[in-house]
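S.K.: the following block contains a protein sequence and its predicted model.
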Amino acid sequence: MDNSLSGRTVVVTGGTRGVGAGIAQAFAEAGAHVVVCARRPPGQHLDGIGFTPLDLRDPPAVRAFFDALPRVDVLVNNAGGTPYRRLAEADAERHARVIELNLVTPLTASLAAYEQLRQARGAVVMIGSVSGGRPSPGSAAYGAAKAGLENLARSMAVEWAPEVRVNTLVVGMVRTELTHLHYGGQDGIDAVSRTVPLGRLAAPSDVGAAAVFLASDAAAYISGASLLVHGGGERPAFLDAATANKPSDKED
């Protein structure tokens, strides 16, 4: 399989830190010319990666950004996120902003890049989440947006075929520079890691490698697909709660 993207231009939205930075670095290592765009500049030096400040919730600015690029072969819609907020603790307008960031802005960027992607016979990679396929208390609007993003990608894959391939990475828990804020330090991270069948959280490079694969010629016949990048998922709670089939401690 050839995952080389030499000579191709890749745009990664929200690619300045965390998962986005890992994705951008993976594409750069695959030989691509990488441009990241976000409201804030990179939190670290990104070797061989260009940065353009951009508010993805400003459609005219997004269109101007893509119009200024000489070509676009791959678009990775990574920008997103949400604070922890229960539904009744905020008004609908605030939850709508989460949906806008995680669902509307990927559509905005994809439409702005469409003509260049079509000419390049390129690819779109949506960065989804396991939150889109299960209840997400404390981040319900985010989960709903990610569910919608996966469905959007499937429809886009049909409408834009055969010129543009569109796929989704359904990402689980990833260890980034902010992980300790969510799980309470190393002990919390270790405890959460034990709930993952592979025994650890993903690294941003794991997500990056999967994104490179979906964008490469190795995935030339893959479109409208959702690739799970979650270390095997979540261990079902009933397995720990059930006692009927646990082996006895007594010896015969």
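M.R.: On my side now, so go ahead.
S.K.: low-confidence ranges in the stretch 151-252 of the chain?
M.R.: Judged by pLDDT under 70, the stretch 151-252 of the chain has its weakly predicted residues at 178, 180-182, 243-252.
S.K.: let's see it at 90
M.R.: Applying pLDDT under 90 to the stretch 151-252 of the chain flags the ranges 172-202, 234-252.
S.K.: need the strands for it, in chain order.
M.R.: Along the stretch 151-252 of the chain, the segments classed as strands by DSSP state E, counting those that start in this stretch run 165-171, 226-229.
S.K.: of those strands, which is nearest residue 101?
M.R.: strand 165-171 (16.1 Å; CB to CB). All C-beta spots, glycine's among them, are computed from the backbone N, C-alpha and C.
S.K.: pairing partners for the closest one, with directions?
M.R.: strand 123-129 (parallel), strand 226-229 (parallel) (DSSP bridges).
S.K.: most packed of those strands?
M.R.: strand 123-129 (a mean of 27; mean count of other CB atoms under 10 Å).
S.K.: residues touching that one, excluding its own?
M.R.: The set of residues external to strand 123-129 that reach it, using CB atoms under 8 Å, 6 or more residues apart in numbering, is 19, 23, 73-78, 80, 106, 110, 113, 117, 142-143, 146, 149-150, 152-153, 156, 164-172, 207, 211, 214-215, 219, 226.
S.K.: one more pass at 6 Å, please.
M.R.: For strand 123-129, contacts defined as CB atoms under 6 Å, 6 or more residues apart in numbering pick out 74-78, 110, 146, 149-150, 153, 165-171, 211, 214-215.
S.K.: if we can go back for a sec, need the strands of the stretch 151-252 of the chain in TSV with distance to residue 69, can you?
M.R.: Output for those, formatted as TSV (distance: least, CB to CB, whole Å):
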stretch	distance to residue 69
strand 165-171	19
strand 226-229	26
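S.K.: wait, which of the ones you listed is closest to residue 197?
M.R.: Here strand 226-229 is closest among these (CB to CB), at 11.7 Å.
S.K.: C-alpha coordinates for the closest one, PDB please?
M.R.: Only the C-alpha atoms of strand 226-229 are listed here, as PDB (Å, rounded to 0.1, in the frame of the first residue of the first chain):
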ATOM      1  CA  SER A 226     -16.700   5.300   9.000                       C
ATOM      2  CA  LEU A 227     -13.400   4.000  10.400                       C
ATOM      3  CA  LEU A 228     -13.300   3.400  14.200                       C
ATOM      4  CA  VAL A 229     -10.200   4.600  15.900                       C
END
